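Participant: sequence first, predicted model second:
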Amino acid sequence: MALSFQERLLPAPVGGGFAMDDYWVWCGSVIEGEDGRFHMFASRWSKEVSFWPYWVTNSEIVRAVSDTPEGPFRFVEVVLPPRGPAYWDGMMTHNPTIHRSGDRYLLYYTGTTYEGGMPDASHPELWGEGKPLEARSNQRIGLAVSHSVAGPWERFDTPILLPRQGKWDGLMTTNPAVCVLPDESVLLVYKSTGSQSDRLRLGVAKAAHCLGPYERAADEPIFRFDEMGDHVEDPYIWFHDGRFELIMKDMEGGICGEKHAGIHATSPDGLRWTVSAQPLAYSRTVAWGDGAVTVQGSLERPQLLVRDGRPVCFYAATANRGGVYDTRDPATATWTIAIPLAT
């Protein structure tokens, strides 16, 4: 009998993944470059400000490199820095996911803009009343392209997918998950919501080519868990053996049985999805290579290194304790964890 996704998770190497002492690190995505090394694109922002709410304003996408999929990854450069509030992504870049189509590297991400300057340790008041709503509602999905994993990266002046006013996805578009198919068409799963207080849901769009245009493939969300009082985010998708597979974060635990753990689902076409009989894709309880077992404060934005349709390494943003939104026991460190997968 084939192993479930969760059963394929091996112990996490101690000291693997990607961390930076003076930065919050989040949402790492890995690809094998033309140099045969492994390149992680991740988000970071200075610990001079707190994790929340400043990821919405201060995050930037960086690149790190390792000789192995598990790391440790070493910081190399900032890839998508701030470029000014006049640009749709000019004040923040986040949620990177790296892919390849032909001779192009494709860096999908979330960006936003806002007025009033970027907050820092000396001027946290720049966040200001109403600023969280402005920065969140301006979030959009974009694409940067390059012929080398080391850049230079071409950024575009418009996002690839806009919200739809009055619809379930009317507020913003974020958390891109991308599957590039052999014919170079693209299936894009994204997160959105209808208002600042509504549930998080996932939609799907398609493009005949990576450069677009990207158009909705379904008018409604691809999952509805109303009967469970639940909502989801952080999708990752891939294609193997004639079907799409997806892992995503269970916001309340009503589907997979554990809050902020992962759900596994499959689809024949990217539109009609079925949650697996064993829905728990991953748990916040992590086994380590030295025999230790810990319950991580967070395990979010899951991504995979996929070879020939088979995932070989799992990555997720993690926190050392409490959770990044827990004001009673806040995390003091975040990083991208790397967990090899049995093939």
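Facilitator: Received, thanks. Computed from a predicted model, the values in this text were never measured in an experiment.

Participant: look at Asp120 and report its pLDDT.
Facilitator: pLDDT for Asp120: 86.

Participant: and it, backbone torsions?
Facilitator: phi -150, psi -180 (degrees, to the nearest 10).

Participant: and Gly17, by the same measure?
Facilitator: Torsion angles, degrees, to the nearest 10, at Gly17: phi 70, psi -150.

Participant: test my guess that it contacts Glu70.
Facilitator: Yes - using Cβ atoms under 8 Å, Gly17 is in contact with Glu70, at 7.5 Å. No exception for glycine: its C-beta is placed from N, CA and C like everyone else's.

Participant: so which of the two has more stuff around it?
Facilitator: Neighbour count, other Cβ atoms under 10 Å: between Gly17 and Glu70, Gly17 has more, with 27 against 23.

Participant: show me the beta-bridge partners of the residue lying closest to the more buried one once chain neighbours are set aside.
Facilitator: Distance criterion Cβ to Cβ, 6 or more residues apart in numbering; nearest residue to Gly17, sequence neighbours excluded, is Ala338 at 4.3 Å. Under the criterion DSSP bridges, Ala338 forms beta bridges with Tyr315.

Participant: any low-confidence regions in the stretch 51-200 of the chain?
Facilitator: 124-130 (pLDDT under 70).

Participant: how about the helices in it?
Facilitator: Along the stretch 51-200 of the chain, counting by DSSP state H, counting those that start in this stretch, helices occupy 55-58, 131-137.

Participant: what's the closest of these to Leu299?
Facilitator: For Leu299, the closest of the helices of the stretch 51-200 of the chain is helix 55-58, at 16.3 Å, according to Cβ to Cβ.

Participant: need the residues that contact the closest one.
Facilitator: 24, 26, 43, 45-46, 49, 91-92, 94, 112, 114, 118-120, 127, 131-132, 135-136, 139 (Cβ atoms under 8 Å, 6 or more residues apart in numbering).

Participant: then stretch 278-292?
Facilitator: Here stretch 278-292 makes contact (Cβ under 8 Å, 6+ apart) with 4-6, 9, 11-14, 247, 255-258, 260-265, 293-299, 302, 314, 316, 318, 337, 339.
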